[in-house]
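J.: Test case, fold it:
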Amino acid sequence: MPGRGTMVRSCVVCGGEVRGCPSDFEKHNKRYCSHACRAADIRGEKHHLWKQKITKRCELCGLQFEVIPYFKDRKYCSRRCFGLAHRIEPVAATCEGCGILFEVPAGGKGRFHSMDCYQQWRKRIKTS
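T.: Just a heads-up that it's a prediction; the model follows:
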């Protein structure tokens, strides 16, 4: 039995007892019997930070994935797809010292195929 001035209502989530004075229900909008019930009630769309997700298609594998609006410019479904899409393939280059072909990363400044070849080239340049 509630004390004097105490009201009893039912929890909006589980139907359990919610006890409080009239101001708890009128001014403070008391509707839950516990923190767990309050947390359960504001999950998902009821949460104040909830945003509608956007469905996108991965540019590499074609898989559909969802993102929140903040990440609307995302192009890949995973780090793996991002890494594969941004892999830099090596390109062929000719060694300035001896003329053999070798591979350098795209955008790299590889002029010589080895440090030995560079040092020999440097010696030739200094003596000329």
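
J.: For Lys56, give me its contacts.
T.: 64-67, 72, 74-75 (Cβ atoms under 8 Å, 6 or more residues apart in numbering). In this view, the C-beta of every residue, glycine as well, is placed from N, C-alpha and C.

J.: OK, contacts around the most centrally placed residue in the chain?
T.: Among the residues of the chain, Phe71 comes closest to the average C-alpha position under Cα atoms, centre = their mean, at 7.9 Å. Residues near Phe71 by Cβ under 8 Å, 6+ apart: none.

J.: Likewise for Ile42?
T.: His48.

J.: Give the residue spans of this structure that score low on pLDDT.
T.: Within the chain, the stretches with pLDDT under 70 are 1-4.

J.: And this protein, what are its domain boundaries?
T.: 7-46, 54-85, 91-127 (automatic domain parsing).

J.: Tell me where this protein has strands.
T.: For the chain, strands defined by DSSP state E occupy the ranges 7-10, 17-20, 54-57, 64-67, 91-94, 101-104.

J.: can you list the residues that contact the second one?
T.: With Cβ under 8 Å, 6+ apart as the test, strand 17-20 has contacts from 2, 6-11, 30-33.

J.: and if we set it to 6 Å?
T.: For strand 17-20, contacts defined as Cβ atoms under 6 Å, 6 or more residues apart in numbering pick out 6, 8-9, 11, 30, 33.

J.: Buried residues in the lengthiest helix in the chain, which are they?
T.: The longest helix of the chain (DSSP state H) is helix 115-127. Buried residues in helix 115-127, defined by neighbour count with 16 or more other Cβ atoms under 10 Å: 117, 121.

J.: now that helix, how far from the centre of its chain.
T.: Offset of helix 115-127 from its chain centre (Cα atoms, centre = their mean, to the nearest Å): 49 Å.

J.: Over to stretch 96-116?
T.: With Cα atoms, centre = their mean, you get 38 Å for stretch 96-116.

J.: and it, how far apart are its ends?
T.: End-to-end distance of stretch 96-116 (Cα to Cα, to the nearest Å): 12 Å.

J.: and what of stretch 82-94?
T.: Start-to-end, stretch 82-94 (Cα to Cα) is 31 Å.
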